[in-house]
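1. Quick one: sequence and predicted model below, then my questions.
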Amino acid sequence: MTDTTAASAEPMFNPDIVTPEMEMAEKGAGVPAAADLAIEDINPANAHLMREDRWQDHFTRLRAEDPVHLNELETAGRYWSITTYDDVRAIDGDWETFSSAKGITLGLKEIAQSEEGMRNAAVNSFISMDPPTHTDQRKTVRSVSAPANLRNIEPMIRERTGELLDSLPEGETFDWVDTVSVELTTLMLATLFDFPMDDRRKLTRWSDIVFAIPGPGGIVETQQQKIDELMECVAYFERLWAERQENPGFDLVSMLANGEATRDMPTIEHLGNLLLLIVGGNDTTRNTMTGSVYGLNTFPEQYDKLMANPELIEGFVPEVIRWQTPLAYMRRTATRDVEFGGKQIRKNDQVLMWYLSANQDTDMFEDAHVLDIERPNADRHLSFGYGIHFCMGSRVAELQLRVLWEEILQRFERIEIQDQPERVFSSFVHGYSTLPVQVTRR
């Protein structure tokens, strides 16, 4: 669960707009290898690199040769890729110079560079704000990750996890993503929202389409389909909103519906906060759950080590969150002309903080490409961000991962992948759409 949401309403609710992601998708797959490109032609925001799992060398070159890297697209205008650990941390910690208020994914040039465009953007959330508004809205829901609440929900998480793992077929290939990762995170999210359990997969669907790139064969075929389904989300939560204002409980919808800083906002303006919590509670944890299985199969000696000593789960959890990095980047927008890393960043330039690259920076993490469950500084990862937008649900995510692997190790000799995963077509969400596996019970 993390601070994340839709970047702005303009690309989301205008069926005629071509977004930067759509522009890059239309350029097609087959991006040349990093070694075959001039440094100025490297563009890590091309989603084909993520789907094809070919992003590593592109970031390696950028960290070494051009760590503050400029690209320009017709749709997005100028944007910078920040790729080293220290630089990403510095940008993330300076909200006054690098603001969230114009969105956190690569956006349209006219919105990024226009105050009027930003005012017209209806979808927003507290991650796309700066203090004091950010602080006021964020604190409305932060109690969900308080230590006392985590202690209260751990038995429920453990019971559900155990029941699901006990139901898995042995000796048969099944999709770990849908059967385990999606189901566990959706159950958790439905609980946090007090969302009707029979409809819980609607949360999964809405989460999937937030950052989906429209196109034939994709999650959504057209921008209009994306709009229509998100408006279904608005209508559904309008009903829940009214119910929780009349009969509030201890759930995220009730907190937003009755919070001093949020209760008077119309539902459409709440969509950003709702999507923030839906995506943060779904995409990020589920992709790390899947990444944990894939990572241990990729580095089987680490799997052997974990099987031999389950106490290593404590270090495995932050390490797999680093290694997977479920959200590849977050965007900021420069509030003034500023020199950074020897480059002149202009006011209103978009700045992409590549957490995926920072977590692979060998100046911080030795042999960073390796999953090392005894890595001494794994908890220094930036997957949860840094500064005022540090993921408020980080402890919930860590709890879910810890419980999952504690229960796995009690039940299974091995979870073995049967084929390579299919990956999400996105430069923002770094994740998996399928992972075929078989389990062998103890």
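-> Arrived safely.

2. any chance you could map the helices in the stretch 201-350 of the chain?
-> If you assign secondary structure with DSSP state H, counting those that start in this stretch, the helices in the stretch 201-350 of the chain sit at 223-246, 252-258, 267-298, 300-308, 313-324.

3. most tightly surrounded among those helices?
-> Stretch with highest mean neighbour count among the helices of the stretch 201-350 of the chain: helix 267-298 (a mean of 24; mean count of other Cβ atoms under 10 Å). Heads up, the C-betas are built off the backbone N, CA and C, glycines and all.

4. Now do that one: distance to the chain's middle.
-> 5 Å (Cα atoms, centre = their mean, to the nearest Å).

5. and the angle from it to helix 313-324?
-> If you take axes from the mean of the first three to the mean of the last three Cα atoms, to 10 degrees, helix 267-298 sits at 110 degrees to helix 313-324.

6. could you give the angle of helix 267-298 to helix 223-246?
-> Our comparison of helix 267-298 with helix 223-246, counting by the same axes, to 10 degrees, yields an angle of 110 degrees.

7. State the mean pLDDT of helix 267-298.
-> The predicted model assigns helix 267-298 a mean pLDDT of 82.

8. ditto for stretch 381-396
-> 86.

9. Export only the CA atoms of it, formatted as PDB.
-> Output of stretch 381-396 as PDB, limited to C-alpha atoms (Å, rounded to 0.1, in the frame of the first residue of the first chain):
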ATOM      1  CA  HIS A 381      15.400   0.900  -0.100                       C
ATOM      2  CA  LEU A 382      13.200   3.700  -1.700                       C
ATOM      3  CA  SER A 383      10.300   1.600  -2.700                       C
ATOM      4  CA  PHE A 384       8.100   3.400  -0.200                       C
ATOM      5  CA  GLY A 385       9.400   6.800  -1.200                       C
ATOM      6  CA  TYR A 386      11.100   9.300   1.200                       C
ATOM      7  CA  GLY A 387      10.000  12.400   3.000                       C
ATOM      8  CA  ILE A 388       6.400  13.700   3.400                       C
ATOM      9  CA  HIS A 389       5.000  11.200   0.900                       C
ATOM     10  CA  PHE A 390       6.600   8.100   2.500                       C
ATOM     11  CA  CYS A 391       4.100   5.300   2.100                       C
ATOM     12  CA  MET A 392       1.600   5.400   4.900                       C
ATOM     13  CA  GLY A 393       0.600   1.700   4.300                       C
ATOM     14  CA  SER A 394       4.200   0.400   4.300                       C
ATOM     15  CA  ARG A 395       3.700  -1.500   7.600                       C
ATOM     16  CA  VAL A 396       0.500  -3.100   6.300                       C
END
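
10. lowest-confidence helix or strand of the chain?
-> Of all the helices and strands that make up the chain, the one with the lowest confidence by mean pLDDT, DSSP states H and E is helix 115-119; it has a mean of 40.

11. show me the residues around Glu21 that make contact.
-> Taking Cβ atoms under 8 Å, 6 or more residues apart in numbering as the contact definition, Glu21 lies against 47, 106, 213, 426-427.

12. Torsion angles phi and psi at it?
-> The phi and psi torsions at Glu21 (degrees, to the nearest 10) take the values phi -60, psi -40.

13. Please settle this for me: is Ala154 part of a helix?
-> Not Ala; residue 154 is Glu. Yes: going by DSSP: H, G, I helix; E, B strand; the rest coil, the assignment for Glu154 places it inside a helix.

14. re the thing from before, neighbour-wise, which one of the contacts of Glu21 leads?
-> Across the contacts of Glu21, neighbour numbers were computed from other Cβ atoms under 10 Å; Ser427 holds the maximum, 29 neighbours.

15. All the helices of the stretch 1-150 of the chain, in order from the start?
-> Secondary structure of the stretch 1-150 of the chain by DSSP H, counting those that start in this stretch: the helices cover 9-13, 20-26, 47-51, 56-65, 85-92, 109-112, 115-119, 133-138, 147-166.

16. which of the residues in the longest one are buried?
-> Read it as helix 147-166. Neighbour-count burial for helix 147-166, with 16 or more other Cβ atoms under 10 Å as criterion, is recorded at 153, 157-158, 160-162, 164-165.
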